[in-house]
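Visitor: Based on what follows, work out the 3D shape:
(2 chains)
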Amino acid sequence: MSHSLHTLTVKQIISRVRQAFPSAPETYIMSLVNDAITEMGEYSMKSQSAKITLAANQMFYDVGDGATDSSSEKMGINKIYRVDIMDNEGDYIQIPRVLDGEPLMFDITSESVLKEPGE
Amino acid sequence: MASNLKYPEDQVLYFIRADQLGLITTYSSTSETRTSRKAYQAIDHAVTNGLLIHYYGSPKRVTAITDTPDVDNLLHSSIVDYVKKCLYMDKAGRSADPGAAQASLALAANHEKRFNNAIKKYGVRKREKTGGTRAVVPANFT
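Guide: Sure thing, here's the model as predicted:
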């Protein structure tokens, strides 16, 4: 059984906005639409998954705004809720999260991953 | 590059530090003897696609007027409120007439309130797909 959902395209949003602002530029409205979507992202629950290739002896992996997965696709992570690691049979197994900080021994391989502010 | 980890759930842990995900393990591919001080270290071998993360992600941005915003359709009409809020604020800033500026600010505040109400209302309500009556299963103490 299929049913159609009521959605709005950007064109329809522009049309509604222009009821009050007939001369508002299209590109500016689109920019504001993206601002709204970004803000809504903090409240929506768009669940996604991504694979990352593990490097030998590297402790830290970037999950910031510009971080990419192993297919070089930007991930756009807001909040991580589960992490799996591939086992020796090629299956992904959930691993637990450490709640209280970091290990005593730090790794030097991650140095290039850590960036100073402004770099 | 395959994984050597037989029981990742017992050997690997992760933690989040700002924009970085840290992975530590007690496992050593070379069966290295470690003291408890240095028990947890980085995974010592590369694994192609070895890490699978599940996360709540940012919606994709729109790039064409034919695009549909990548958020729940309940929130689509609220985008209009957000855009109008910004445009009314712009108008208030441009206006030389204090009365017109005040009216624009009031409309901006009205649209901002509608937008905020919508994302709080539907953002929370639509957070998960679980619905229906909850059944309570008591613990079996026998």
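
Visitor: What values do phi and psi take at the residue most central in space within chain B?
Guide: Nearest residue to the geometric centre of chain B (C-alpha atoms, centre = their mean): B:Y56, 3.7 Å. Phi and psi for B:Y56, reported as degrees, to the nearest 10, are phi -90, psi 120.

Visitor: partner residues bridging it?
Guide: A:S47, A:K79 (DSSP bridges).

Visitor: what's the distance between B:R61 and chain A?
Guide: As for B:R61, its distance to chain A is 5 Å (criterion: C-beta to the nearest C-beta, to the nearest Å). Every residue, glycine included, has its C-beta placed from N, CA and C.

Visitor: pretty sure that residue contacts A:M40?
Guide: No. If you go by C-beta atoms under 8 Å, B:R61 and A:M40 don't touch, sitting 11.6 Å apart.

Visitor: And those two? Which one has more around it.
Guide: Between B:R61 and A:M40, A:M40 has the larger neighbour count (other C-beta atoms under 10 Å in any protein chain shown), namely 26 against 16.

Visitor: what pLDDT does the nearest residue to the more buried one once chain neighbours are set aside get?
Guide: Leaving aside its chain neighbours, A:M40 sits nearest to B:V71 (4.8 Å; criterion: C-beta to C-beta, 6 or more residues apart in numbering or on different chains). According to the prediction, B:V71 has pLDDT 88.

Visitor: Which segments of chain B make up each domain?
Guide: For chain B, the structural domains run B:1-55, B:73-122, going by automatic domain parsing.

Visitor: Check the separation of the first and last residues in the last one.
Guide: Meaning domain B:73-122. With C-alpha to C-alpha, to the nearest Å as the measure, the ends of domain B:73-122 fall 10 Å from one another.

Visitor: Can you give me the neighbour number for the residue in chain B positioned nearest to chain A?
Guide: Chain A sits closest to B:G123 of chain B, with a gap of 2.9 Å, by C-beta to the nearest C-beta. Using other C-beta under 10 Å, B:G123 is surrounded by 20 other residues.

Visitor: Tell me the buried residues in the helix or strand hosting it?
Guide: Using DSSP states H and E, B:G123 sits within helix B:98-125. Neighbour-count burial for helix B:98-125, counted by 16 or more other C-beta atoms under 10 Å in any protein chain shown, picks out B:S104, B:L105, B:L107, B:A108, B:H111, B:E112, B:R114, B:F115, B:A118, B:I119, B:Y122, B:G123.

Visitor: so what's the residue of chain B closest to chain A closest to, chain neighbours aside?
Guide: Nearest non-adjacent residue to B:G123, counting by C-beta to C-beta, 6+ apart: A:Y43, 2.9 Å away.

Visitor: and if you look at A:L8?
Guide: Closest to A:L8 by C-beta to C-beta, 6+ apart is B:H76, at 4.1 Å.

Visitor: for the record, mean pLDDT for the helix or strand harbouring that neighbour?
Guide: Element membership of B:H76 [criterion: DSSP H and E] is helix B:76-94. Across helix B:76-94, pLDDT averages out at 95.

Visitor: How about residues contacting it?
Guide: A:7-8, A:13, A:16-17, A:20-21, A:24, A:29, A:32-33, A:35-37, A:39-40, B:68-69, B:71, B:100-102, B:104-105, B:107-108, B:111-112, B:114-115, B:118-119, B:122 (C-beta atoms under 8 Å, 6 or more residues apart in numbering or on different chains).
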